[in-house]
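Student: Got a sequence here, can you build the structure:
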Amino acid sequence: MEATVTHQEMVIPAAMRCENCGALAREEARERVSETEVAVRYACSECRRQKTRRFQTGPAEMNED
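Tutor: Model (predicted):
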């Protein structure tokens, strides 16, 4: 038997609307902060405001073959 680790996939948006001016804020940095969480920093191209959002990615799963 062979054990493999697979991670649950989640779609994290590469851009979002700026809460300040409504322009498109693009992803600037991405960092895994824990086994189940990713922090993504977005920066607005118009007003230069930055916002960090955290996304739950789900735990790693062990599969036995």
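Student: Now do residue 57, the pLDDT please.
Tutor: pLDDT for residue 57: 83.
Student: whoops, residue 50 was the one
Tutor: Looking at residue 50, its pLDDT is 97.
Student: do residue 30 as well
Tutor: At residue 30, pLDDT is 94.
Student: On the strand side of things, show who it bridges to.
Tutor: Taking DSSP bridges as the rule, residue 30 bridges to residue 40.
Student: same question, residue 53
Tutor: According to DSSP bridges, beta-bridge pairing links residue 53 with residue 40.
Student: give me the number of residues near it?
Tutor: 13 (other C-beta atoms under 10 Å). Heads up, the C-betas are built off the backbone N, CA and C, glycines and all.
Student: Relative to residue 22, how far out is it?
Tutor: Distance, residue 53 to residue 22, using C-beta to C-beta, to the nearest Å: 17 Å.
Student: How about residue 28?
Tutor: Per C-beta to C-beta, residue 28 is found 18 Å from residue 22.
Student: Residue 51 now?
Tutor: 13 Å.
Student: And the two? Which one has more around it.
Tutor: Neighbours were counted for residue 51 and for residue 22 using other C-beta under 10 Å; residue 51 has more, 15 against 11.
Student: right, and that one touches residue 40 too?
Tutor: No. Counting by C-beta atoms under 8 Å, residue 51 stays clear of residue 40, with 9.2 Å between them.
Student: shared neighbours of those two, which are they?
Tutor: Common contacts of residue 51 and residue 40 (C-beta atoms under 8 Å, 6 or more residues apart in numbering): none found.
Student: now residue 18, nearest residue through space, not along the chain?
Tutor: Leaving aside its chain neighbours, residue 18 sits nearest to residue 44 (4.0 Å; criterion: C-beta to C-beta, 6 or more residues apart in numbering).
Student: no, scratch that, I was asking about residue 13
Tutor: Using C-beta to C-beta, 6+ apart and skipping residues adjacent in sequence, the residue nearest residue 13 is residue 27, 7.7 Å away.
Student: in which helix or strand would I find the one you found?
Tutor: According to DSSP states H and E, residue 27 maps onto strand 24-34.
Student: Stretch 30-43: which residues count as buried?
Tutor: For stretch 30-43, the neighbour count (16 or more other C-beta atoms under 10 Å) marks 38, 40, 42 as buried.
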